[in-house]
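Visitor: this one's sequence-less:
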């Protein structure tokens, strides 16, 4: 029985959390990218966004952080999914970027549901349009929850494989990559983590040690980040028992509450602005909706902390966007030209 739907007036099927939409510029948008071209193990991520939307109808709207039910006076819009058009992989990556770019206006907070993690380069490209980035990707920090380092140069000859998502994101010259939960990686990826000063990785094996100092260091690192940030959450970063239907579930990952503490720590960074987040590698689970429901709860926590930041005056881009002259023009065929 859908309890949130029963108590919420005007529940709208197909909208995230079942929330009815209001007119005007949205404060938060839910974007769906059902992209799946390079998965190397389990299949079904193309169905993930819609499954997450459906599961979100079961998520409670109340959270003590904001002290009331969502939408808590803010406008949350669920956008029609990306259309999937494009005759090849690179054209599809351009299509995803073009679908996302209009929402990086500095006034709206995009939450992107995927789809395989191969969407990440398109997200970073789109984020270049945000007034706080304005085409200067050296301003942008990427925080990644993941089981896999995603730092391969190619997989099976494809440099835009989901296994290369973080490498392709770094090709833009981003400020820094912070990773947590990593526990599956190649020798090359491990060597790059050790040698690249622009990558900071907290391995799952370290954060689960009994002393737990590594985990405290992770949270402290998050709170010290400055400038615009994109948060990318591959749900296989969580322990496989929480998301057994994701494309490549791996044991030994983050607990649910470690994931939430990561979100809270990042959003609480006083000198950082989380300009967007994505939750990806969602695969519908046949016997139980645990996987997609976990993803929906994570996305909802992102909304909660964003709303809290707006209320506390920590959403810099809303006020700054009116004063910043963003002259960056996104290349609509960027990936096709590579």
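Guide: Alright, I've got the coordinates. Here the structure is a predicted model, which is why all the values come from computation and not from measurement.
Visitor: surely residue 143 is in contact with residue 232?
Guide: Yes. Contact criterion Cβ atoms under 8 Å: residue 143 and residue 232 qualify, at 7.1 Å. Placement of C-beta: from N, CA and C, glycine included.
Visitor: against residue 157, how distant is the residue positioned nearest the centre of the chain?
Guide: For the chain, residue 278 is the residue whose C-alpha lies nearest the centre (Cα atoms, centre = their mean; 1.7 Å). In this view, residue 278 and residue 157 are 26 Å apart by Cβ to Cβ, to the nearest Å.
Visitor: same thing with residue 193?
Guide: According to Cβ to Cβ, residue 193 and residue 157 sit 23 Å apart.
Visitor: tell me which of these two has more neighbours.
Guide: A count of neighbours by other Cβ atoms under 10 Å puts residue 193 above the other of residue 193 and residue 157, at 18 against 6.
Visitor: quick one: secondary structure of the more buried one?
Guide: Taken by DSSP: H, G, I helix; E, B strand; the rest coil, the conformation at residue 193 corresponds to helix.
Visitor: Provide a list of residues in contact with it.
Guide: By Cβ atoms under 8 Å, 6 or more residues apart in numbering, the residues touching residue 193 are 149, 151, 179, 182, 185, 199, 201.
Visitor: mind putting those residues in CSV, neighbour count, secondary structure and pLDDT included?
Guide: Below are the contacts of residue 193 laid out as CSV (neighbours: other Cβ atoms under 10 Å; DSSP: H, G, I helix; E, B strand; the rest coil; pLDDT from 0 to 100):
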residue, neighbour count, secondary structure, pLDDT
149, 26, coil, 97
151, 27, coil, 98
179, 25, strand, 98
182, 28, strand, 98
185, 22, coil, 97
199, 20, strand, 98
201, 22, strand, 98
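Visitor: and the residue nearest to residue 20 when sequence neighbours are not counted, how many neighbours?
Guide: If the residues on either side of it in the chain are set aside, residue 20 comes closest to residue 10, at 4.3 Å by Cβ to Cβ, 6 or more residues apart in numbering. Using other Cβ under 10 Å, the number of residues around residue 10 comes to 9.
Visitor: cool, and residue 73?
Guide: As a burial measure, residue 73 scores 11 neighbours (other Cβ under 10 Å).
Visitor: check the one 3 residues further on too.
Guide: The number of residues packed near residue 76 is 23, by other Cβ under 10 Å.
Visitor: which phi and psi does it have?
Guide: Torsion angles at residue 76 (phi, psi; degrees, to the nearest 10) stand at phi -120, psi 120.
Visitor: how near is it to residue 234?
Guide: For residue 76, the distance to residue 234 - Cβ to Cβ - is 24 Å.
Visitor: cool, and residue 209?
Guide: With distances taken as Cβ to Cβ, residue 209 is found 23 Å from residue 234.
Visitor: more neighbours: which of the two?
Guide: residue 234 (29 against 10).
Visitor: now the more buried one: phi and psi?
Guide: phi -80, psi 120.
Visitor: quick one: pLDDT of residue 233?
Guide: Residue 233 is assigned 98 on the pLDDT scale.
Visitor: who's in contact with it?
Guide: When the contact criterion is Cβ under 8 Å, 6+ apart, the partners of residue 233 are 144-146, 259, 277-280, 298.
Visitor: given the helix or strand hosting it, what are its sheet partners and their directions?
Guide: Using DSSP states H and E, residue 233 falls within strand 227-234. Counting by DSSP bridges, the strands paired with strand 227-234 are strand 141-145 (parallel), strand 272-280 (parallel).
Visitor: show the average pLDDT along the helix ranked longest in the chain.
Guide: Counting residues, the longest helix found in the chain (DSSP state H) is helix 290-311. Averaged over helix 290-311, pLDDT sits at 97.
Visitor: go through it and flag the buried ones.
Guide: Within helix 290-311, the residues that count as buried by 16 or more other Cβ atoms under 10 Å are 291-310.
Visitor: poorly predicted segments of the stretch 51-200 of the chain, please.
Guide: By pLDDT under 70, the stretch 51-200 of the chain contains no weakly predicted segment.
Visitor: just the helices in it please.
Guide: Secondary structure of the stretch 51-200 of the chain (DSSP state H, counting those that start in this stretch): helices located at 89-100, 120-127, 165-170, 187-195.
Visitor: any idea which of those helices is most buried?
Guide: Highest mean neighbour count among those (mean count of other Cβ atoms under 10 Å): helix 120-127, with a mean of 27.
Visitor: hmm, who's touching it?
Guide: For helix 120-127, the surrounding residues in contact (Cβ under 8 Å, 6+ apart) are 33, 93-94, 96-98, 100-101, 103-104, 112, 133, 137, 140, 142, 150, 160, 165-166, 168-169, 171-172, 174, 228, 230, 232, 275-276, 278, 280, 330, 334-335.
Visitor: for the stretch 101-250 of the chain, which segments count as strands?
Guide: Taking DSSP state E, counting those that start in this stretch, the strands of the stretch 101-250 of the chain run over residues 109-114, 141-145, 176-182, 199-203, 227-234.
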